[in-house]
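J.: Can you look at this prediction? I've put the sequence above it.
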Amino acid sequence: DAGVIQSPRHEVTEMGQEVTLRCKPISGHNSLFWYRQTMMRGLELLIYFNNNVPIDDSGMPEDRFSAKMPNASFSTLKIQPSEPRDSAVYFCASSLDSQRHPFFGQGTRLTVV
Amino acid sequence: DQQVKQNSPSLSVQEGRISILNCDYTNSMFDYFLWYKKYPAEGPTFLISISSIKDKNEDGRFTVFLNKSAKHLSLHIVPSQPGDSAVYFCAASGWGNTDKLIFGTGTRLQVFP
């Protein structure tokens, strides 16, 4: 199994532009998580889906952030418009209901200039 | 409002000695605790976990201790090896919301020869 696949690995964009991060979970997993890593706050949970349905989006910082999971094998996290303070590493993770430890992708390093 | 706290941002230990990483939590509803390890440019990987019905769990060189009354857990690595140099994240989840993992800010461990 290839694990959780995220793309792109690195993204540099200008302030005000739309950014879309992509994630392919491990096949068969039914929970998907988006996390953001910053020095100050560590790994913050932004949103998670179970069976493609958003369960908790209380960690999404602002309306500029949105996430979708149109099917079991794909999810996107969109920031529109992007701001310099959104610069961070964004991780996607997936798990099975029977597990309590999600598997993480390699992350997308986002830099907004 | 950090529900999971890792107050030591870094730790330096000599090879062969014991490494002790600490974590405190505030939410008494947490019933499952985990440690993840993260190398640069990679996603976090699951290391070891403990349920609140136990006070110790051991896996090879890694042991996690849980003190529920103090809302404190620790990870012991014995003996420490240079390959253990990484960032270690403590995480917790609660009964009834088992999908939602809350992470600490991480502790960077450096094991020197």
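T.: Yes, it's here.
J.: Low-confidence ranges, chain B, go.
T.: For chain B, applying pLDDT under 70 flags the ranges B:1, B:95-99.
J.: can you map out the strands along it?
T.: Along chain B, counting by DSSP state E, strands occupy B:4-5, B:10-14, B:19-25, B:30-38, B:45-51, B:56-59, B:62-67, B:72-77, B:86-94, B:97-103, B:107-112.
J.: looking at those strands, which is closest to residue A:35?
T.: Nearest to residue A:35 among the strands of chain B is strand B:97-103; the distance by Cβ to Cβ comes to 7.5 Å. Placement of C-beta: from N, CA and C, glycine included.
J.: Spatially central residue for chain A, please.
T.: residue A:34 (3.3 Å; Cα atoms, centre = their mean).
J.: pretty sure that one contacts residue A:90?
T.: Yes: taking contacts as Cβ atoms under 8 Å, residue A:34 lies within contact range of residue A:90: 6.7 Å.
J.: anything in contact with each of these two?
T.: residue A:77 (Cβ atoms under 8 Å, 6 or more residues apart in numbering or on different chains).
J.: which SSE is the residue nearest to the centre of chain A in?
T.: Counting by DSSP states H and E, the element that carries residue A:34 is strand A:31-38.
J.: which bits of chain A sit near chain B?
T.: Proximity of chain A to chain B, by Cβ under 8 Å from any Cβ of the partner chain, involves residues A:4, A:31, A:33, A:35, A:39-45, A:48, A:50, A:55-56, A:91, A:93, A:95, A:100-107.
J.: among those residues, which are in helices?
T.: Counted as lying in helices by DSSP state H, out of the residues of chain A next to chain B, is not a single one.
J.: ok, back up a step: quick one: which of the strands of chain B is nearest residue A:64?
T.: Of all the strands of chain B, strand B:97-103 sits nearest to residue A:64, with 22.6 Å by Cβ to Cβ.
J.: Skip the chain neighbours and tell me the closest residue to the residue nearest to the centre of chain A.
T.: residue A:46 (4.4 Å; Cβ to Cβ, 6 or more residues apart in numbering or on different chains).
J.: Equivalent analysis for residue B:111, please.
T.: residue B:80 (4.6 Å).
J.: so the one you found makes contact with residue B:19?
T.: Yes: under the criterion of Cβ under 8 Å, residue B:80 makes contact with residue B:19 at 4.5 Å.
J.: give me the number of residues near residue 40?
T.: Just so you know, I chose chain A. Residues lying near residue A:40 (other Cβ atoms under 10 Å in any protein chain shown) number 7.
J.: was after chain B, sorry
T.: 7.
J.: And residue B:17, by the same measure?
T.: Quick note: residue B:17 (other Cβ under 10 Å) scores 12 neighbours.
J.: Share the number of residues neighbouring the nearest residue to it once chain neighbours are set aside, please.
T.: Excluding its sequence neighbours, the residue lying closest to residue B:17 (Cβ to Cβ, 6+ apart) is residue B:80, at 5.7 Å. Residues within reach of residue B:80, counting by other Cβ under 10 Å, total 23.
J.: Then residue B:5?
T.: Count around residue B:5 with other Cβ under 10 Å applied: 16.
J.: Can you tell me, leaving aside adjacent residues, what's nearest to it?
T.: Computed as Cβ to Cβ, 6+ apart, the closest residue to residue B:5 that is not its neighbour in sequence is residue B:24, at 4.8 Å.
J.: State the distance from the one you found to residue B:58.
T.: Distance of residue B:24 to residue B:58, given as Cβ to Cβ, to the nearest Å: 21 Å.
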